[in-house]
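Colleague: let's see this in three dimensions:
(one chain, ligands or ions: 1)
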Amino acid sequence: MKPITLIQFLIEERRAGHINAELSLLIEVVARACKRIGVAVGKGALGGVLGNAGTDNVQGEAQKKLDVISNEILLEANAWGGHLAACASEEMEDPQPIPDMYPKGQHLLLFDPLDGSSNIDVNVSVGTIFSVLRCPDGVTEPKAEHFLQPGTTQLAAGYVVYGPSTLLVLTFGHGSHEFTLDREVGSFVLSRRGIRIPETTAEFAINMSNQRHWQAPMQRYVGELLAGKDGPRGKDFNMRWVASMVADVHRIMTRGGVFYYPLDAKITAKGGTGKLRLMYEANPMAFIVEQAGGAATTGRERIMDLQPTALHQRVPVFLGSKQEIELATHYHVEADGAQG
Ligand code: AHG
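Modeller: Got it, this is the predicted structure:
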């Protein structure tokens, strides 16, 4: 069969009435920017892009050079096309307005420009995650409050993995689809349409070094997985943890599995509400995973139903194969009920 490029796919989606011309352009621009990020990532030491930038982001995390470079590439690419009202990024405290010299569009773009930064210097897969919202009617200068829309209102979400291949996974709410970058031609080509995550799995992803800090229901749930054949689950489970959410989620999108970044005592002791960011990590990944038949919760409620309260809000994330996520969520809700 003739390969379908991302551009052709976007034209089909427009004809099907799933997206408009502005959203199609937005995705083209983001995909083009991600190709540039992929080139920068691929150069590694030869491009002088490894190591720390010597600055901290809004969340007090040391920025890597590639965090800064990727953020600039996405901002620059999205400034002038007329498809956006504003951008927001993990790397910037406040939303970035579109410069006055350019026309403004109807969309808001949020991104984590380089997810999995701790893996850059050790040559392990990293990625970009993005979410697209509609700018509220009548708002010409969007502020943070205008981005605070629940995940259910997302018009599009995607992630790119810079790994052995560069891959884009995309949803407009009509299934999740994978595109592989043909590096010789320079185009993303459709490699899987309508991805489905198996409902059951025997593989889980969690940072086990936090085990002693977890809440009781998480201890119970993972304890049962670890007990394997001899425990209440009656089967052995395998574990993987890349520490790049994009790579861990992509494995789940490929062969099923579950990913957990729960709330723990280490986080709550610092007044935190989770590790991962709702607006540009949890929500877009939840949209993509749900569109592939998986589930995504905070352990207590559906991620996409949350009403955001802050641009850089953090939440616990449980996502992947439906039956496992439902069980882990049930343990938490049941424990809360018993307490309350
Ligand atoms: P960042 O955007 O700061 O690179 O976040 C990385 C995230 C996510 O990609 C990964 O799943 C998680 O942090 C890893 O956390 P630990 O280092 O605590 O395992």
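
Colleague: which residues touch the spatially closest residue to residue 196 that is not a sequence neighbour?
Modeller: Leaving aside its sequence neighbours, residue 196 sits nearest to residue 293 (CB to CB, 6 or more residues apart in numbering; 5.1 Å). Placement of C-beta: from N, CA and C, glycine included. Contact analysis of residue 293 by CB atoms under 8 Å, 6 or more residues apart in numbering lists 196-197, 199, 322.

Colleague: among the residues you listed, name the buried ones.
Modeller: Neighbour-count burial (16 or more other CB atoms under 10 Å) applied to these gives 197, 322.

Colleague: now, the contacts of residue 293 that are in strands?
Modeller: Using DSSP state E, no member of those falls in strands.

Colleague: show the pLDDT at the residue in the stretch 1-150 of the chain that the ligand sits nearest to.
Modeller: The nearest approach of the stretch 1-150 of the chain to the ligand comes at residue 117, 3.7 Å away (CB to the nearest ligand atom). The model reports residue 117 with a pLDDT of 89.

Colleague: can you give me the neighbour number for it?
Modeller: Using other CB atoms under 10 Å, the number of residues around residue 117 comes to 23.

Colleague: tell me how far it lies from residue 69.
Modeller: 12 Å (CB to CB, to the nearest Å).

Colleague: mutual contacts of the two, please.
Modeller: Joint contacts of residue 117 and residue 69 (CB under 8 Å, 6+ apart) do not exist.

Colleague: list the contacts for residue 260?
Modeller: Per CB under 8 Å, 6+ apart, neighbours of residue 260: 204-206, 218, 222, 317-318, 328.

Colleague: and those residues as a markdown table, adding pLDDT?
Modeller: Formatted as a markdown table, the contacts of residue 260 follow (pLDDT from 0 to 100):
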| residue | pLDDT |
| --- | --- |
| 204 | 98 |
| 205 | 98 |
| 206 | 98 |
| 218 | 98 |
| 222 | 98 |
| 317 | 98 |
| 318 | 98 |
| 328 | 98 |
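
Colleague: and the strands in the stretch 1-150 of the chain, which stretches?
Modeller: For the stretch 1-150 of the chain, the strands defined by DSSP state E, counting those that start in this stretch occupy 52-56, 62-64, 84-89, 96-97, 107-115, 126-134.

Colleague: same question, the stretch 201-340 of the chain
Modeller: Counting by DSSP E, counting those that start in this stretch, the strands of the stretch 201-340 of the chain are 203-205, 238-239, 258-261, 276-277, 295-297, 314-315, 317-320.

Colleague: in a markdown table, list the ones you listed along with distance to residue 144.
Modeller: A markdown table is the format used below for those (distance: least, CB to CB, whole Å):
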| stretch | distance to residue 144 |
| --- | --- |
| strand 203-205 | 31 |
| strand 238-239 | 37 |
| strand 258-261 | 23 |
| strand 276-277 | 13 |
| strand 295-297 | 23 |
| strand 314-315 | 15 |
| strand 317-320 | 21 |
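
Colleague: now render the strands of the stretch 1-150 of the chain as JSON lines, adding distance to the ligand and mean neighbour count.
Modeller: Shown next, in JSON lines, are those (distance: least, CB to the nearest ligand atom, whole Å; neighbours: other CB atoms under 10 Å):
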{"stretch": "strand 52-56", "distance to the ligand": "12", "mean neighbour count": "12"}
{"stretch": "strand 62-64", "distance to the ligand": "8", "mean neighbour count": "18"}
{"stretch": "strand 84-89", "distance to the ligand": "11", "mean neighbour count": "24"}
{"stretch": "strand 96-97", "distance to the ligand": "18", "mean neighbour count": "17"}
{"stretch": "strand 107-115", "distance to the ligand": "4", "mean neighbour count": "27"}
{"stretch": "strand 126-134", "distance to the ligand": "8", "mean neighbour count": "26"}
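
Colleague: other SSEs contacting the longest helix belonging to the chain?
Modeller: In the chain, ranked by residue count with DSSP state H as the criterion, the top helix is helix 21-43. Using 3 or more CB pairs under 8 Å, 6 or more residues apart in numbering; DSSP states H and E as the contact test, the elements touching helix 21-43 are helix 6-15, helix 65-79, strand 107-115, strand 126-134, strand 156-162, strand 166-171, strand 176-182.

Colleague: that helix near the ligand at all?
Modeller: No - legend: contact between helix 21-43 and the ligand by CB under 6 Å from any ligand atom is lacking; minimum distance shown is 12.9 Å.

Colleague: tell me how far the residue nearest to residue 196 lies from residue 320.
Modeller: Taking CB to CB, one finds residue 293 at 10 Å from residue 320.
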